[in-house]
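K.L.:
model this:
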Amino acid sequence: TEACFVGEPSGSPPTHFGDSKKIRLEASDLTLRVSTRYWPNGANDFRSATAAHVDVVPAAADYFAGRDPVLEAALTYEPPATTAAQVEDLLRRGKTQAAVFRFVRDLLDPRVEHRSVEQMVEAGNRLLDDEHLAEGRIVFLLTAEYYPESAAAELGWGRALELTGDIEGARRHYEKALAIDPQQRPARLALDRLDPSSRAEAPPSGTRRAALRRHPPSRPSRRGRCARRARGTRGSRRGRPPSRTRCRSAASGRGDRGDPRARR
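P.N.:
So this is what the prediction gives:
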C-alpha cells in the first residue's frame, strides 16, 4: 500500500488466518469461530505486526481533553520525497522492517519513478558517515542485491563491511566493483589499503589517525635515546657519541632525581 501508517503497531500480523466461520460442537453444544482461509501478504512476510511509520501513543489525558494526537501527527507528517530518503529516515528511527518493505515495494512498483541507485548509495554513505553502521549495511545490502551491475553499490557494500570488521567480505566486494568498472579508483585504493604487503606503507585511515591521536605512542626516555645514539654512532667520526657528562645529566633528569645511582 502507498499509505504511511501513524499510531501504534497493528494488532495482527500482515500474514494471517481469517474468514472465520461458526462451528457448533455436538457433545458440549459450544459454538466456536474458526478461521477458514490463510491470507499471505507476500511470500516471505512473517512480521508479527505492521509497524507504524510515525509512532504516536495516545494517552488518557488526550482522550479526556478531546484531542486526537494520531490524527494531528498524520496531518503534519510530510514523508521524504524519494524512496532513498524514506528508507534512510525509517532506518534512522529504528524501523528496519518498514524500511526494507518500503524499498522492495517501490522497486517492484512500475508507477514509482523517484528511485535511483545513486540516491541509495548516497543514503548509505550518509548513514556510515554518521556511524549508523548496521543501517548503512542494510542499505548497501539491498542496493547491491537489486542493482548487481552497479560498481558504486559494490564499493559502498565493501566500505560498510570494512567498517564493521569484515575485511575478507570487504575485499570481495571491492574486487566486484573493479570487475564491473575497472576505472573505479576508490575500490583500487581500498584494495591497496587492505593488502597486507602494502599496509605498512599505506597512510593510516581516519579511524586509525583518531586512535593515534587518542593514544599516542610512548616515546623512549632521554637516557634510552642517549644510549641508542651512542651505540649507533660509536666509531663514527662525524657523529661522535654524546659525552658521558651529557648522558649522566640526562639520566639525572626530572624522573631520576631521587635515585642516588643516577647522581653518581
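
K.L.:
contacts and neighbour counts: CA atoms only from here.
P.N.:
OK.

K.L.:
Let me see the contact set for residue 117.
P.N.:
143, 147, 150, 153 (CA atoms under 8 Å, 6 or more residues apart in numbering).

K.L.:
could you pull out the strands for the protein?
P.N.:
Assigned by DSSP state E, the chain shows strands spanning 6-7, 16-24, 31-39, 54-55.

K.L.:
looking at these, which is closest to residue 97?
P.N.:
Residue 97 lies closest, by CA to CA, to one member of these: strand 54-55, at 13.5 Å.

K.L.:
Give me the contact list for that closest one.
P.N.:
Strand 54-55 is touched from outside by 4, 5, 6, 7, 8, 73, with contacts defined as CA under 8 Å, 6+ apart.

K.L.:
Show the pLDDT at residue 247.
P.N.:
Note for residue 247: predicted pLDDT of 46.

K.L.:
One more: the one 3 residues further on?
P.N.:
Predicted confidence (pLDDT) for residue 250: 45.

K.L.:
same deal with residue 100?
P.N.:
What the model reports as pLDDT for residue 100 is 86.

K.L.:
Which of the strands of the chain has the highest mean neighbour count?
P.N.:
strand 6-7 (a mean of 20; mean count of other CA atoms under 10 Å).

K.L.:
Mind picking out the helix or strand in this structure with the poorest mean pLDDT?
P.N.:
helix 206-214 (a mean of 41; mean pLDDT, DSSP states H and E).

K.L.:
Including distance to residue 169 and mean pLDDT, could the strands of the chain go into TSV?
P.N.:
Listed next are the strands of the chain as TSV, based on distance: least, CA to CA, whole Å; pLDDT from 0 to 100:
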stretch	distance to residue 169	mean pLDDT
strand 6-7	38	88
strand 16-24	38	87
strand 31-39	38	87
strand 54-55	35	84
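
K.L.:
Let me see the contact set for residue 137.
P.N.:
124, 157, 160, 161.

K.L.:
Check the contacts of residue 117 and tell me the two furthest apart.
P.N.:
143 and 150 (8.5 Å).

K.L.:
now the helices for the chain?
P.N.:
Taking DSSP state H as the criterion, the chain contains helices spanning 60-65, 69-76, 83-92, 96-108, 117-129, 133-146, 151-163, 167-180, 185-194, 196-199, 206-214, 222-233, 244-251, 260-263.

K.L.:
mind listing what's buried in the second one?
P.N.:
Spelled out, it's helix 69-76. 69, 70 (16 or more other CA atoms under 10 Å).

K.L.:
now do the fourth one
P.N.:
Within helix 96-108, the residues that count as buried by 16+ other CA under 10 Å are 96, 98, 99, 100, 102, 103, 106, 107.
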